[in-house]
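Asks: quick one, fold the following:
(chains A and B)
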Amino acid sequence: MNRGSSNENISDGSRGAFPFETDRGRITINPKCPPGSFEGLSLEAGLGNFAHYSSIIQKLEIFEKVASGKDGRVALALFHENIIVGYMVCWYPDSTDRWRKLGELMYEFGAIEVSRNFRKLGIAAKMVTSALRDDFFDEKISYMNGFSWHWDVDGSGLTLLQYRKMMLNFMKPFGFEEYYTNEPNIALRQENLFMARIGSRVSEEDKLRFRNLRFGIVNRK
Amino acid sequence: MLEHYPKEIMTKDGIPILIRPFTKDDQERLRQFFSRIPEEESWFIRDDISDPDVMDKWIQDPDYSRTIPLIAVKQEDGTIVGNVMLHMRLSECLSHVAHLRILIDPEYRRRRLGTWMLIDAIKLAMDIGLEKLVAEFVEGVDDAAMAAAQRLDFFEQDVLRGYLKDRHGRYRDLVIMVKNFHRDWSDF
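Replies: Have a look, this model is predicted:
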């Protein structure tokens, strides 16, 4: 993930698709793909299974499922209009997930991935920027789990620790910060990251509930 | 380097704590914190924490390329209840290593505060590009801290038998524990 050096004008991405030029050609970002819009698309070869790394999403049906879920969000970066070179998927946490205990306050950035062949063009940043323009996020605590076992250290040429730092630096301009938590999956590896962005309209009470839940405490003010 | 602070944590019993670098305003509270560390323990600290000049130097003239001082502060009233120091050497052959020292207010032990401070020190060490953390513990004095470090993948590198003398003149072992930061996953 790289914000890229260019700073092209981005149209209001929360409303519709917009193109931008890169060294690899024109990429179109669709910040919120509705259900039923994935037919005829294909995943570019840099998304898939590799020796030490596999893409989190490898089937178009998953996009359909996410987009059909309540407030589900799929952002796609398309090359030649129908080749997926990057995606971002967001959803409410699963019912078995700790963060679900705060109902629909918590909203997960489930995955952000760009094809190995299209990295360092600023695609990931465009997807995140355009999504966050939506007022929807003002009332949410958006969060992202950074599990090191998902990181493409081979493809990025980074070590685990460099990758961790890259993620911190990448998400920081979007208002995401690392928060400590004893959530067992995060706590499993010290390089793992739990990052969150507290929306501007989240109440003080909800911020406290979030703080408590990070340490496994529910229903205490 | 320290732009991600403060960090919020909670003790096992739900007391909110902030971890952050210390500032000039912390001097008096830091003095009070050190005064609560039992003499059996402060005896082994290489810096004389009872000496106002030592503390003064840390606070007035911080050199983060050599020492990163972090404190745990009770959010409710600002009381300092923990301190971690990461000491680094400027020489290039040791630029990948930091020595860690941790002190926890006796009243805040067995409440997971020390574990969170160790985790924070580990994450900070990762983020500044270190490859190794070294911690020295006094056998029979720092056993709880040693156990916590072990749970966070520090391993016993060496024991210097009878290396230290306690304040009663009894010889004590110095246990050297190391944590390596792995660059990648193994291929197993």
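Asks: run through who's touching the least confident helix or strand in chain A by mean pLDDT.
Replies: Lowest on mean pLDDT, DSSP states H and E among the helices and strands of chain A sits strand A:49-50, with a mean of 74. Residues outside strand A:49-50 that contact it (Cβ atoms under 8 Å, 6 or more residues apart in numbering or on different chains) are A:S55, A:Q58, A:R116, A:D152, A:D154, A:G155. Every C-beta, even on glycine, is put in place using the N, C-alpha and C of the backbone.
Asks: farthest-apart pair in those, please.
Replies: A:Q58 and A:D154 (17.4 Å; Cβ to Cβ).
Asks: go through stretch B:165-183 and flag the buried ones.
Replies: Neighbour counts over stretch B:165-183 (16 or more other Cβ atoms under 10 Å in any protein chain shown) mark B:R172, B:L174, B:V175, B:I176, B:M177, B:V178, B:K179, B:F181 as buried.
Asks: and for stretch B:86-94?
Replies: In stretch B:86-94, counting by 16+ other Cβ under 10 Å, buried: B:L86, B:H87, B:M88.
Asks: A:E81 reaches A:I27, doesn't it?
Replies: No - when contacts are counted by Cβ atoms under 8 Å, A:E81 is not listed as touching A:I27 (10.1 Å).
Asks: between the two, which one's more packed in?
Replies: A:I27 (23 against 11; other Cβ atoms under 10 Å in any protein chain shown).
Asks: check which helices and strands the helix or strand hosting that one sits against.
Replies: For A:I27, the host element (DSSP states H and E) is strand A:25-30. Helices and strands touching strand A:25-30, by 3 or more Cβ pairs under 8 Å, 6 or more residues apart in numbering or on different chains; DSSP states H and E, are strand A:18-22, strand A:73-79, helix A:123-132.
Asks: would you format those as CSV with mean neighbour count, mean pLDDT and distance to A:Y92 included?
Replies: Listed next are the helices and strands packed on strand A:25-30 as CSV, based on neighbours: other Cβ atoms under 10 Å in any protein chain shown; pLDDT from 0 to 100; distance: least, Cβ to Cβ, whole Å:
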stretch, mean neighbour count, mean pLDDT, distance to A:Y92
strand A:18-22, 16, 94, 26
strand A:73-79, 23, 97, 10
helix A:123-132, 23, 95, 15
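Asks: so A:A77 makes contact with A:K126?
Replies: Yes - proximity of A:A77 to A:K126 meets the contact threshold set by Cβ under 8 Å, at 7.2 Å.
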